[in-house]
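Q: Sharing a sequence plus its predicted fold:
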Amino acid sequence: MLKIYEEKRNNIKDEVLFMGNSVIEALEISLQTLKSDDISALKDIDLSVKKLSNKSNQIDNLIVTALALYSPEAKDLREMISYLKITNELIRAAANVKGFVKIFRKAFSEDLNTNTILEFTIPLHKSSLLALRTSMSMIEETNEKHTEEKYHRVIVEESKANDLYAIVEKNILKLISKNLELSKEYFDILSSLRRLERTADRASSIASLALFAQVGGDIIQS
Amino acid sequence: MVEGKIRMSKDNKVKVKVEKLNLWYGENHALHGISTDIYENKITALIGPSGCGKSTFLRCLNRMNDLISSVKIEGEIIIDRKNIYDKDVDEVSVRKRVGMVFQQPNPFPKSIYDNVAYAPIKHGIVSKGKECDELVETSLRKSGLWNEVKDKLNQPGTSLSGGQQQRLCIARTIAIKPEVILMDEPTSALDPISTEKIEALMLELKKDYTIIVVTHNMQQAARVADYTAFFHLGKLVEYDETETIFVNPSNKKTEDYITGRFG
Amino acid sequence: MNKKDRNNNNPFYDPSLNARHRSSKRFKTFTLSSLIFSIAFLAFFLFDIISKGSPAFEQAYINIPVTYNEKTIKNTRTAIDKKYRKIISRAWLRGLPKLAEANPEFMGKTIDTWVLADDQVDQYLKGHYHKLKRKDRALIDNMKTHGKVELKFNEIFFLNGDSKIPEFAGLNSAIVGSIFTLLITMAFAFPIGVMTAIYLEEFAEDNKFTQIIEVNINNLAAIPSILFGLLGLAIFINLFGLPRSSPLVGGLTLALMTLPIIIVSSRAALRSVPDSIRQAAYGLGLTKIEVTRDHVLPLAFPGILTGSIIGLAQAMGETAPLIIIGMIAFIPDAPGSIMEAATVMPAQLFTWAGMPERMYIEKTAAGIMVLLTILISLNAIAIYLRKKFEVKW
């Protein structure tokens, strides 16, 4: 391939990874705060959806130019298209993470049954983080077999997250029925956890797009 | 009327300035009032459908059209602040500074060494012997041919493959140390692998030379050129950065050509 | 499955093609028979010439005692016995004083020498029509049985000039005359022709004037050659006062005749050089002479050379114009310079063909063989040189 195209492609890939890493970092910090039970530290997480949006537009324009100038085909074309869609997915994931951080922090207090909440939140959080991290690592993966393995791992984590959310929803609804005056807080917690679960969904979309880029087939977005 | 907004950065120096160039083949008005600037150390591509005048325009830049007796030219082409069509300008000296590579590879039926060495010796750039040997080696290295021919410099230039012959022609052209290299569809007679090699070569060469290339292959212009000029029926319709031309052209005719709706 | 079924299953079976194939075959037979016809004529001609001419390469010699002394040198007829006088060549006897001078040890002796026989003896031995009397015939037969009569290789044919005495006639003066004439022809026609072609092809503009010139040059190549003879007579002999019958005038006349051929073939050779070479050369900033001399000319050279040699070969066989300027005269000695009177091979053969003696028939045929050999060699050289200088594309 022409050197000049390779440079452009590498640039776009690095930008996409940068976007992904911003979201992953935020998730890692938030997991840490949950584990160390220092919920107030959540306010230190700096994730600007606006900034990421700008970056996503920038990347998209680079992709349009690359398509126009270099007419990539086959794997190169699939790669470009996957990056184009992954930026969207990352923005939604970022919005979900930001939403989780904001709402969880506001709603969490010692009045609630923190043990039950954390008992399920932490594994749910872990699954989402692992899903996102694994799916982003598929972008740099060159070995087809490893890519497929990672894809399956992401699907597993996503289904885990779904199940964990179902359990936590049941438990929190039970708690609400016992403490109706705290129902708003509990509903907010649930809403934030839902956002965490949706992050896992986004991760599985990203994984599916990365698989498409590497291996082929059709684009399937969840 | 030329459309296009070129982002003039202070890094862009104008190498060739064309002002109101008109050309007639006898009664046929082939080029209509072309005015444009070609930038130094950049690749400028000329695209357009067949018969649009891009090759004719290219050949004006080194006064090759003077060889055709029925040609009449008005307007100015200014290189280094001098109009090359002024009466006191020797056309041979223009061609020393503006070299040309043609569509069909046309090495001389001499040895590979002589192909590269003949013109520089005649121009007095080098003298026979070691100086000349060095120039031949440098030129062949620059055009990416040295490793393939260093053991057979005495073989005829015509014994090489098509892609190699074209690189030999490029070596021959850069041996006379021009400042501008004109390329008239340099890869249209070559296979895809040779084409790729020559395109990579062009990207290397632009560091030292100003390159103007005529191509009927739009994708080639998109891949290698910094600036692209679209010609249609002897007029310069749009001239802009390649990215703009291929992503967001200003003129509808340009867009129709790029999207393949005609030509 | 029988043939009909097979044909029905075969989608490519098409009986209508048979008539077309037959017509093709007929065409092939027709062209082949034309070729055979031409070859037959050529073969007949060659056979005839060779059979008539090959006897001329041998000549009869008789071994008889020859006396060398003062008396016989003065009156050479007395150097041999009377009975031999009719059967040996008088012309040979005339050379006796020179022979004695070259070999002073012969003086005062009588030596058996191989003497050139009279032309009638030669014809008798070769089985052709002769005028020998019975007495002489008997003598010859007798001497033959004693091994005193032989047919030796005919050096005289190549060493002597023309002569009224048949056995002494040779082609030498004509060969030398031809060579001088053709050297003059080439010296004038080649440079002028090639330079003209270069000008017309590389420098001249393409307008009405040059087109008229081109048409006229082509026409000149088709003019009957005898008219060039008249031109030569009028200009070179009458106007310039050059010596009649000289190789100079002959060469110049033939040069005029060969010029159009050289110009046309040189132009074709120059035109066959692809324009891309010139474009590349101009593109490198080379001047017209550098482009033409160093790039175009080397490529056109084989074609120019071939055309010139073919023109030369043609000039070698021309007789008519040279007759007009007088090279048909009787020239016994080879010319020493280009200003002396000379003759050329075709003219010599023309003269011999008109002589009454029978020996001249075989000499004419032998002369034709020599001329043909030279022409074929020239053509072969042309082909060899073209192949040698041909630059592969």
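A: Now that the structure is in, tell me what you want to look at.

Q: hey, where'd the helices end up in the stretch 101-250 of chain B?
A: Shown for the stretch 101-250 of chain B, the helices assigned by DSSP state H, counting those that start in this stretch span residues B:112-123, B:130-142, B:146-149, B:162-175, B:192-205, B:218-224, B:242-247.

Q: Which positions in the third one come out as buried?
A: Taking 16 or more other CB atoms under 10 Å in any protein chain shown as the basis for neighbour counts, the residues of helix B:146-149 that come out buried are B:146, B:149. Where C-beta positions appear, they are placed from N, C-alpha and C, glycine not excepted.

Q: Export only the CA atoms of it, formatted as PDB.
A: This file holds the C-alpha atoms of helix B:146-149, laid out as PDB (Å, rounded to 0.1, in the frame of the first residue of the first chain):
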ATOM      1  CA  TRP B 146      20.500   1.300  -9.700                       C
ATOM      2  CA  ASN B 147      20.400  -2.100  -8.000                       C
ATOM      3  CA  GLU B 148      18.700  -3.700 -11.000                       C
ATOM      4  CA  VAL B 149      21.100  -2.400 -13.600                       C
END
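
Q: what is the mean pLDDT for it?
A: Averaged over helix B:146-149, pLDDT sits at 92.

Q: Leaving out sequence neighbours, find the closest residue to whatever residue of chain A ends up closest to chain C.
A: Proximity to chain C, evaluated over chain A using CB to the nearest CB, is greatest for residue A:2 at 27.6 Å. Nearest residue to residue A:2, sequence neighbours excluded (CB to CB, 6 or more residues apart in numbering or on different chains): residue B:223, at 5.9 Å.

Q: ok now do the one you found, which residues does it touch?
A: A:2, A:4-5, A:69-70, B:199 (CB atoms under 8 Å, 6 or more residues apart in numbering or on different chains).

Q: which two from the residues you listed end up farthest apart in space?
A: A:69 and B:199 (12.7 Å; CB to CB).

Q: picking up where we left off before, which of the helices of the stretch 101-250 of chain B is buried the deepest?
A: helix B:162-175 (a mean of 25; mean count of other CB atoms under 10 Å in any protein chain shown).

Q: Tell me the helices and strands packed up against that one.
A: For helix B:162-175, the elements it packs on are strand B:98-101, helix B:112-123, helix B:130-142, helix B:146-149, strand B:180-184, helix B:192-205, helix C:275-283, judged by 3 or more CB pairs under 8 Å, 6 or more residues apart in numbering or on different chains; DSSP states H and E.

Q: Tell me where the stretch 251-393 of chain C has strands.
A: In the stretch 251-393 of chain C, no segments count as strands under DSSP state E, counting those that start in this stretch.

Q: Most proximal residue of the stretch 151-300 of chain C with respect to chain A?
A: Distances between the stretch 151-300 of chain C and chain A by CB to the nearest CB are smallest at residue C:283, namely 27.6 Å.

Q: what sits against that residue?
A: Residue C:283 is in contact with B:62, B:64, B:95, B:99-100, B:102, B:173, counting by CB under 8 Å, 6+ apart.

Q: please redo it, this time with the cut-off set to 10 Å
A: B:59, B:62, B:64, B:67, B:95, B:98-102, B:106, B:119, B:169, B:172-173, B:176, B:182, B:184 (CB atoms under 10 Å, 6 or more residues apart in numbering or on different chains).

Q: How about residue C:296?
A: Going by CB under 10 Å, 6+ apart, residue C:296 touches C:198, C:201-202, C:269-270, C:273-275, C:277-278, C:281.

Q: can you redo the contacts of residue B:223 as a markdown table with secondary structure?
A: Listed next are the contacts of residue B:223 as a markdown table, based on DSSP: H, G, I helix; E, B strand; the rest coil:
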| residue | secondary structure |
| --- | --- |
| A:2 | coil |
| A:4 | helix |
| A:5 | helix |
| A:69 | helix |
| A:70 | helix |
| B:199 | helix |
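
Q: Among those, find the lowest-pLDDT one for me.
A: For those, the pLDDT minimum is residue A:2, 76.

Q: Please point out which parts of stretch B:224-242 sit buried.
A: B:224-232, B:234-242.

Q: ok, and of the residues you listed, which contact chain A?
A: B:224-225, B:242 (CB under 10 Å from any CB of the partner chain).

Q: nearest to chain A, of those?
A: Taking CB to the nearest CB as the measure, chain A sits nearest to residue B:242 out of these, at 6.7 Å.

Q: looking at it, that closest one is touching residue A:69, isn't it?
A: Yes. If you go by CB atoms under 10 Å, residue B:242 and residue A:69 touch, sitting 6.7 Å apart.

Q: Low-confidence ranges, chain A, go.
A: Residue ranges of chain A with pLDDT under 70: A:1, A:222.

Q: ranges for the helices of it?
A: For chain A, applying DSSP state H gives helices covering A:3-35, A:49-70, A:74-107, A:114-138, A:144-178, A:183-215.

Q: now the ones you listed in TSV, with distance to residue C:349?
A: What follows is the helices of chain A, written out as TSV (distance: least, CB to CB, whole Å):
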stretch	distance to residue C:349
helix A:3-35	79
helix A:49-70	81
helix A:74-107	82
helix A:114-138	99
helix A:144-178	91
helix A:183-215	92
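
Q: so which strand or helix has residue B:33?
A: Using DSSP states H and E, residue B:33 sits in strand B:28-39.

Q: and that strand, which strands flank it?
A: As defined by DSSP bridges, the strand partners of strand B:28-39 come to strand B:14-25 (antiparallel).

Q: and the partner strand with strand B:180-184, angle?
A: If you take axes from the mean of the first three to the mean of the last three CA atoms, to 10 degrees, strand B:14-25 sits at 40 degrees to strand B:180-184.

Q: Count the residues that sit near residue A:190.
A: Residue A:190: 20 surrounding residues under other CB atoms under 10 Å in any protein chain shown.

Q: pretty sure it is touching residue A:165, no?
A: Yes. Contact criterion CB under 10 Å: residue A:190 and residue A:165 qualify, at 8.9 Å.

Q: before we move on, the earlier item: can you tell which of the helices and strands packed on helix B:162-175 is closest to residue C:15?
A: It's helix B:192-205; of the helices and strands packed on helix B:162-175, that one is closest to residue C:15 (CB to CB) at 47.8 Å.

Q: With just CA atoms, put the closest one into CSV.
A: Output of helix B:192-205 as CSV, limited to C-alpha atoms (Å, rounded to 0.1, in the frame of the first residue of the first chain):
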residue,chain,number,x,y,z
PRO,B,192,0.1,-2.1,-11.9
ILE,B,193,3.2,-3.1,-10.0
SER,B,194,5.4,-0.8,-12.1
THR,B,195,2.8,1.9,-11.8
GLU,B,196,3.0,1.6,-8.0
LYS,B,197,6.8,1.8,-8.1
ILE,B,198,6.7,5.0,-10.2
GLU,B,199,4.0,6.6,-8.0
ALA,B,200,6.2,6.0,-4.9
LEU,B,201,9.1,7.4,-6.9
MET,B,202,7.2,10.6,-7.7
LEU,B,203,6.4,11.1,-4.0
GLU,B,204,10.2,10.8,-3.3
LEU,B,205,11.2,13.1,-6.1
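
Q: Does it reach chain C?
A: No. Helix B:192-205 lies out of reach of chain C by CB under 10 Å from any CB, never closer than 16.5 Å.

Q: counting contacts, what elements does that helix pack onto?
A: Helix B:192-205 sits against helix A:3-35, strand B:43-47, helix B:130-142, helix B:162-175, strand B:180-184, strand B:210-214, helix B:218-224, with contacts defined as 3 or more CB pairs under 10 Å, 6 or more residues apart in numbering or on different chains; DSSP states H and E.
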